[in-house]
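Novice: What shape does this take:
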Amino acid sequence: MKLTDSIHIVGGGLMGFGLSHPGDWYVYAVTDGEETALIDAGVGMEPERIVANVEADGIDPDTVKYLILTHCHGDHAGGGAYLRKQYRLKVIAPVDTRGWLHEGRTVDEDATNLARAREAGRYPASYRVEPVAVAREVDDGEEIRVGNLRLHTLSTPGHAARHMRYILEVDGKKYMFGGDLVFAGGLVVLN
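Specialist: Residues are numbered from 1 along each chain as shown. Here you go, the predicted model:
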């Protein structure tokens, strides 16, 4: 779903227009036409629907170079391994999370809140996040370049111990990718 020339929603389940698996949160594609980054990866169930949405929006798959995670909860990072393989992506995640997503070939289920979420019924008992190698960790005040676009990082812990939002400015307008920072109606969920 094209929002602007540079921003597309390519995934989102029950809370995101039903574009992909019901458990997915919003997945965005940010592109300048030459390079594209996906922001968040969905839950990892039916990730091929996200790939189909990227292509249906007319984004050249050869331009998809990065996966940028807002935080490491399953509904945002679970599809990371699949998308990394599909597009040969460089994964960018908040500082101090590399080990959570790929330590000893397993995911740290306590640090990513996965064990508690399964116990609470958020995910099926059999749900696991496939480990994904992180190429770069980012901290507050950094810049991520996607072609000629620049995303600025802003650390916003609370919903997750390590949570990053990304600000993109295009044509004098600012767009925030907050990944569960604030929900509809101003609801904030602290873990």
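
Novice: pLDDT weak spots in the protein?
Specialist: 103-105, 182-191 (pLDDT under 70).

Novice: Strands of that one, start to end?
Specialist: Secondary structure of the chain, counting by DSSP state E: strands at 7-11, 27-31, 36-39, 64-68, 90-94, 136-138, 143-146, 149-155, 164-170, 173-177.

Novice: Would you map the helices across the chain?
Specialist: 48-56, 74-77, 80-87, 98-101, 114-119 (DSSP state H).

Novice: Redo these as a markdown table? Include distance to residue 133.
Specialist: Yep, even glycine has a C-beta here, placed from its N, CA and C like the rest. Formatted as a markdown table, those follow (distance: least, CB to CB, whole Å):
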| stretch | distance to residue 133 |
| --- | --- |
| helix 48-56 | 19 |
| helix 74-77 | 12 |
| helix 80-87 | 7 |
| helix 98-101 | 8 |
| helix 114-119 | 18 |
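
Novice: right, so of these, which gets closest to residue 171?
Specialist: Ranking the helices of the chain by proximity to residue 171 (CB to CB) places helix 48-56 first, at 22.6 Å.

Novice: so what's the spatially most central residue of the chain up against?
Specialist: Ranked by distance to the mean C-alpha position of the chain (CA atoms, centre = their mean), the top residue is residue 40 at 0.9 Å. Shown in contact with residue 40 (CB atoms under 8 Å, 6 or more residues apart in numbering): 11, 25-28, 68-70, 76-77, 177, 179.

Novice: make it 7 Å
Specialist: 25-27, 69-70, 76, 179 (CB atoms under 7 Å, 6 or more residues apart in numbering).

Novice: Report the two of the residues you listed separated the most.
Specialist: Most distant of these, by CB to CB, are 26 and 69, 12.6 Å apart.

Novice: quick one, which of these two is more surrounded?
Specialist: residue 69 (27 against 24; other CB atoms under 10 Å).

Novice: who does the residue nearest to that one when sequence neighbours are not counted bridge with?
Specialist: Nearest residue to residue 69 in three dimensions, chain neighbours excluded: residue 93, at 4.4 Å (CB to CB, 6 or more residues apart in numbering). Beta-bridge pairing for residue 93 (DSSP bridges): residue 137.

Novice: what sits against residue 93?
Specialist: 69, 72, 101, 134, 137.

Novice: just the buried members of those?
Specialist: For these, a burial check counting by 16 or more other CB atoms under 10 Å picks out 69, 72, 101, 134, 137.

Novice: Now compare those residues and name the two farthest from each other.
Specialist: Taking CB to CB as the measure, those have their most distant pair in 72 and 137, spaced 11.2 Å apart.
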